[in-house]
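Student: have a look; sequence and predicted model below, questions after that.
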Amino acid sequence: MRLSDLPRGTDAIIDHVDDHAETDPVARRLRELGFVPGEPVRVVATAPLGGDPLAVRIGFTRFALRRTEADRVVIHPVKELA
Amino acid sequence: MTTLNIALVGNPNCGKTALFNLLTGSRQKVANYAGATVERKEGWFTTPGGRRIRLLDLPGAYSLNATSPDEAVTRDVCAGTYRGEAAPDLLVCVADATNLRLHLRFVLEMRAMGRPLVLALNMIDAARRNGMEIDLPRLQAELGMVVIPTIGVRRDGARELLAELDGTPPPVPAPLPEGTDLHALVRQILSDCVTQSSPLSDRIEERLDRWVLHPVWGPVILIVLLFFMFQAVFAWAQPLMDAIDAGMGMLGQKIGTLMPDGVLRSLIVDGVIAGAGSVVTFLPQILILFAWILVLEESGYLPRAAFLLDRLMSFAGLSGRSFIPLLSSFACAVPGIMSTRTIQNPRDRLVTVLIAPLMTCSARLPVYTLLIGAFIPHRNIAHFLNLQGLVLFGLYAVAIASALVVARVLRWRNADRQEATLLMELPAYRVPNPRDLALGLWERARIFLLRVGTTIVSLTVMLWGLSSFPAPPAGAQGPAIDWSFAGRIGHLMLPVFAPLGFNWQICVALIPGLAAREVAVGALATVYSLGSGTDTDQAALQLGQMLPTHWGVPTALSLLAWYVYAPQCVATLAVIRRETASWRVVAIAAGYLFALAYAASFLTYHIARMF
């Protein structure tokens, strides 16, 4: 499952970030911003007119990112965060 | 003792500039979004112990792998490879204590620079309020560097940092082993040193964002905010403007009666007071506009507005990242164009630079206000909407729509399928500090009045000279100004602008508007004041009442349309040249703006004449 498929308000754990090209600056930047394996993530909002971009919370930080960017982030959902 | 060279580095929006201002006593722009600082700023101060410090404020960076021009500056200065800048003796790494998971990674990355390093743990007060307990001694041990708590927004918030600078310089931290997983290390450090007592979901951001970023309520809130901004600019400023206007009128009258009739009196009354005085009148409006912009900047709302508008921007082939530079351009296109340095994609950046002049800058506000006040009836629609405010809102809206279309065309011409990136941090909300707001507004008022006192007075005096000389030959018919240089220039330009419904007086007023758009108002005042003969000087300041007797409504609307595009601003063209290093881009910007302005005015004039 990818971050772009995660419904709003659902918690998930990041598995890894895919590179879309040989050297993918977007994927690299995502990792630098903390999109790393094991990190809990949640979609807090989707924008009007088609739900692109997304606002996600990761750690203490919130980021806005487009679906094409969120596509690179592979996640696995968690049932309930204890 | 030699001067110590220190650089402030850290993630965007961690409060580097607030600390810089606190230490050096400067007033650099601070705002609550990533990328408020886009170039290095230098300041000097002396520590309590008498050590002389040269402090550099650097643009925020998420990583040393720079992805935008502003991040590259930070990387190069830290590495000592920036041209004309010696490597700093000490790096003060700044981290937001409420956002350590993100910020500590960069701190650890900085260890690889091999320079003396201390960590300023900023916003420590906010972290405590959020229920965070940070074990400082342990953090210091695990990070391998001195950690100093700071509060950038409090007067004594840098006391411990100053004490540290007076002591022996900190050592160069040992580099981390090759291939260390920085994120894992940060996670380890955080779990060792930080305890969080209240859950994340209780944070104010969570609750506010549910509304502010909502797919339906979010845009509604945005539109209401912007709409009230324009209503406020028009309705609230009016009493103050009337007061200033009346004051200037009295001053002109007083001087008019005190001084003997002659060239000097004409210079002061028709040139300085009528010209520059009529521009000062707009100070309240400009301050109200800036108050709104400052509050929006400080609160953390702007990046959220960028999030809501990203879709609209993507229609134009841009990303939400272009939103903040474009919004800054509502104040003035010059800082707006400079802040495009935070845009990673070079093509996006170029397009943003080209459309920034279409955002209605505050210098156009006096022109709009004058014309709307003179030609649009003061009437309320549906009890609470002011028609004049509505027209103003419409002018801004047309400009924005045009910018989107232009961007679209530019993107289409440069068919480049490179992905436009957004990836933007949404900062914590903050209540704007009244002292900062007051300082910001004072700074604005100072800049505006300085501009009036220098550029605008000299331009109006110059225009007065051109409009007064040469004097008409003895026995000449008609107003004296027809014989002057300005009159002749105006008549020379007339064939080009007559199809737009402009008369020669407007043509004359367009010229000094090249240096400062708001001068067009003062210029009209001077030209009409001189043209009206010597006995009606007092009427000069009532330009708004006089204009409808000279122009028809189609001419006024046509001039409004002209100023929506208003290609004439030398400062904007100069900054475009500096930021793009290309005269071609300057020519494209000036050319397309002129063409749009001409076409829009032409259509407006001819359509309006049909009614």
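Tutor: Happy to help now that I have it.
Student: quick one, strands of chain B?
Tutor: With DSSP state E, the ranges of strands along chain B come out as B:4-10, B:41-46, B:52-57, B:90-96, B:117-122, B:132-134, B:146-149, B:194-196, B:380-381, B:385-386, B:424-426.
Student: tell me which of these sits nearest to B:Val496.
Tutor: Closest approach to B:Val496 among those (CB to CB): strand B:385-386, 35.6 Å. Where you see a C-beta, it was placed from the backbone N, CA and C, and this is true even at glycine.
Student: what residues does the closest one touch?
Tutor: Applying CB atoms under 8 Å, 6 or more residues apart in numbering or on different chains, the contact partners of strand B:385-386 are B:231, B:234-235, B:378-380.
Student: just put the strands of chain B in a markdown table and tack on mean pLDDT.
Tutor: Shown next, in a markdown table, are the strands of chain B (pLDDT from 0 to 100):
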| stretch | mean pLDDT |
| --- | --- |
| strand B:4-10 | 92 |
| strand B:41-46 | 90 |
| strand B:52-57 | 92 |
| strand B:90-96 | 93 |
| strand B:117-122 | 93 |
| strand B:132-134 | 89 |
| strand B:146-149 | 92 |
| strand B:194-196 | 85 |
| strand B:380-381 | 75 |
| strand B:385-386 | 74 |
| strand B:424-426 | 90 |
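Student: now mean neighbour count and distance to B:Leu514 too, for those, in CSV please.
Tutor: Below are the strands of chain B laid out as CSV (neighbours: other CB atoms under 10 Å in any protein chain shown; distance: least, CB to CB, whole Å):
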stretch, mean neighbour count, distance to B:Leu514
strand B:4-10, 22, 39
strand B:41-46, 15, 30
strand B:52-57, 20, 33
strand B:90-96, 26, 42
strand B:117-122, 25, 44
strand B:132-134, 16, 54
strand B:146-149, 20, 50
strand B:194-196, 14, 57
strand B:380-381, 11, 37
strand B:385-386, 16, 32
strand B:424-426, 25, 36
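Student: redo those as JSON lines? Include distance to B:Ile286.
Tutor: Below are the strands of chain B laid out as JSON lines (distance: least, CB to CB, whole Å):
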{"stretch": "strand B:4-10", "distance to B:Ile286": "31"}
{"stretch": "strand B:41-46", "distance to B:Ile286": "25"}
{"stretch": "strand B:52-57", "distance to B:Ile286": "27"}
{"stretch": "strand B:90-96", "distance to B:Ile286": "32"}
{"stretch": "strand B:117-122", "distance to B:Ile286": "32"}
{"stretch": "strand B:132-134", "distance to B:Ile286": "41"}
{"stretch": "strand B:146-149", "distance to B:Ile286": "39"}
{"stretch": "strand B:194-196", "distance to B:Ile286": "44"}
{"stretch": "strand B:380-381", "distance to B:Ile286": "25"}
{"stretch": "strand B:385-386", "distance to B:Ile286": "19"}
{"stretch": "strand B:424-426", "distance to B:Ile286": "29"}
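Student: B:Thr360: which of those is closest?
Tutor: Among those, strand B:385-386 sits nearest to B:Thr360 (CB to CB), with 18.0 Å.
Student: okay, strands next: where are they in chain A?
Tutor: For chain A, the strands defined by DSSP E occupy A:11-17, A:40-46, A:54-58, A:61-65, A:73-77.
Student: can you give me the angle the fourth one makes with strand B:90-96?
Tutor: Compare the direction of strand A:61-65 with that of strand B:90-96 by axes from the mean of the first three to the mean of the last three CA atoms, to 10 degrees and you get 90 degrees.
Student: please name every helix or strand in contact with strand A:61-65.
Tutor: Contacts defined by 3 or more CB pairs under 8 Å, 6 or more residues apart in numbering or on different chains; DSSP states H and E place strand A:61-65 against strand A:54-58, helix B:302-315, strand B:424-426.
Student: give me the contacts around it.
Tutor: For strand A:61-65, the external contacting residues (CB under 8 Å, 6+ apart) are A:33-34, A:44, A:53-56, B:99, B:101-102, B:205, B:209, B:303, B:306-307, B:310, B:320, B:422-426.
Student: picking that back up, please tell me which one of the contacts of strand B:385-386 counts the most neighbours.
Tutor: B:Phe234 (24 neighbours; other CB atoms under 10 Å in any protein chain shown).
Student: got the buried residues for the longest helix along chain A?
Tutor: Counting by DSSP state H, the longest helix found in chain A is helix A:25-32. Using 16 or more other CB atoms under 10 Å in any protein chain shown as the test for burial, helix A:25-32 gives A:26-27, A:29-32.
Student: save the residues you listed as CSV, and put in distance to B:Met493 and pLDDT too.
Tutor: CSV is the format used below for these (distance: CB to CB, whole Å; pLDDT from 0 to 100):
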residue, distance to B:Met493, pLDDT
A:Val26, 51, 87
A:Ala27, 56, 90
A:Arg29, 52, 89
A:Leu30, 55, 91
A:Arg31, 59, 90
A:Glu32, 56, 89
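Student: hey, which of the helices and strands packed on strand A:61-65 is tucked in deepest?
Tutor: strand B:424-426 (a mean of 25; mean count of other CB atoms under 10 Å in any protein chain shown).
Student: ok, residues contacting it?
Tutor: Under CB under 8 Å, 6+ apart, the answer for strand B:424-426 is A:33, A:55, A:61-65, B:12-13, B:34, B:205, B:209, B:300, B:303-304, B:306-307, B:320-321.
Student: where in the chain is pLDDT low?
Tutor: No chain was given, so I picked chain A. A:79-82 (pLDDT under 70).
Student: meant chain B, my bad for not saying
Tutor: B:1, B:198-202, B:234, B:383-384, B:413-420, B:472, B:474-480, B:530-542, B:567-568.
Student: do you know which of the helices and strands packed on strand A:61-65 lies nearest B:Thr81?
Tutor: Nearest of those (CB to CB): strand B:424-426, 27.0 Å.
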